[in-house]
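# Give me a 3D structure for the following:
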Amino acid sequence: MQPRVHGVAPARSDAVVPGPVHRRHGDPAVYAEAVLRIAELIPQGMVLTYGDVAELLEAGGPRQVGRALSRSTRAVPWWRVLRAGGLPPRGLELEARARYDAEGTPLSVPSVPSDPEDYRVDLGRARWSPSVGELALVAAVGASLSHAGQ
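Residues are numbered from 1 along each chain as shown. Next up, the predicted model:
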């Protein structure tokens, strides 16, 4: 069985995966930049949860990740980072749905949806599993937090 980070399995069994240790983060701007860089690494049609991003960075938690994304003015694929259970960001369900459809992100939609916001991303099929090379990029982003005294 491959090691997992809060549900994120590496593409190969010999990959080094960050553990669930959560460092406190100091400078919110440095942490936000790290979160945005991780969001930019997520390929089209794939997603991570807020908690997955925090675990990959080994710093902060889901709320800090959500805060960093919500306060950013930079154009990043925010819809690729979502709430636990595959739920899109609150208040952005319709905009996110259009992006998921355009990217071919696997969704779970009730057979008789009551409204257009009644869906979830299928995390079993859409959760991003970084390759060894991608994990090296993730580790470099996490290391930027360490170098900044995070």
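# Flag every buried residue along stretch 54-72.
Of all the residues in stretch 54-72, those buried under the rule 16 or more other C-beta atoms under 10 Å are 54-60, 62, 64-69. For the C-beta atoms, the positions are set from N, CA and C on the backbone; glycine is no exception.
# Distance across it, terminal residue to terminal residue?
One end of stretch 54-72 sits 17 Å from the other (C-alpha to C-alpha, to the nearest Å).
# before we move on, the earlier item: quick one: which of the buried residues of stretch 54-72 is nearest to Ala136?
Closest approach to Ala136 among the buried residues of stretch 54-72 (C-beta to C-beta): Leu56, at 12.1 Å.
# tell me which element the residue nearest in space to the middle of the chain is part of?
Residue closest to the mean C-alpha point of the chain, counted by C-alpha atoms, centre = their mean, is Leu48 at 3.1 Å. Per DSSP states H and E: Leu48 is located in strand 48-49.
# Go ahead and report the secondary structure state at the residue lying farthest from the centre of the chain.
Farthest-out residue of the chain from its mean C-alpha position, per C-alpha atoms, centre = their mean: Val112, at 28.7 Å. Three-state call for Val112 (DSSP: H, G, I helix; E, B strand; the rest coil): coil.
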